[in-house]
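Trainee: Requesting a structural model of the entry that follows:
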Amino acid sequence: EQVVSSGPGLAFIVYPKAISLMPLPHFWAITFFIMIFLLGIDSQFVTCESVLTAALDKLDQWYDKYPKRRKIR
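Mentor: Below is the predicted model:
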């Protein structure tokens, strides 16, 4: 038996093979890889947001110096 464990092999080997057996396989394959791409972009946004939030929370005293910025409470 050919069994694939969880991980990248599942997303890039097994799932595309299953999609190829569905009706309109090209549509579903394109949709799947666009979804994977957007998930990667979203994870980069989350990483940047968490780093910036931590930095801005640490540098809280700078908010009082610049009146055009205000803290959301």
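Trainee: Going by C-alpha atoms from here, please, whenever you check contacts or count neighbours.
Mentor: Fine.
Trainee: Quick one: list the elements packing against the biggest helix by length in the chain.
Mentor: Once the chain is assigned using DSSP state H, the helix that runs over the most residues is helix 25-58. If contacts are counted by 3 or more Cα pairs under 8 Å, 6 or more residues apart in numbering; DSSP states H and E, helix 25-58 sits against helix 15-20.
Trainee: what does the helix it packs on contact?
Mentor: With Cα atoms under 8 Å, 6 or more residues apart in numbering as the test, helix 15-20 has contacts from Pro25, His26, Trp28, Ala29.
Trainee: Separate out the buried members of those.
Mentor: Ala29 (16 or more other Cα atoms under 10 Å).
Trainee: The longest helix of the chain: which residues count as buried?
Mentor: Going by neighbour count (16+ other Cα under 10 Å), the buried part of helix 25-58 is Ala29, Phe32.
Trainee: Tabulate the contacts of helix 15-20 in TSV, adding columns for distance to Leu10.
Mentor: TSV is the format used below for these (distance: Cα to Cα, whole Å):
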residue	distance to Leu10
Pro25	18
His26	19
Trp28	16
Ala29	14
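Trainee: For Ile13, state which of the contacts of helix 15-20 is nearest.
Mentor: Closest to Ile13 out of these is Ala29 (11.9 Å), distances taken as Cα to Cα.
Trainee: State the distance from the closest one to Gly7.
Mentor: Distance, Ala29 to Gly7, by Cα to Cα, to the nearest Å: 19 Å.
Trainee: which intervals of the chain have sub-threshold pLDDT?
Mentor: For the chain, the stretches with pLDDT under 70 are 1-4, 62-71.
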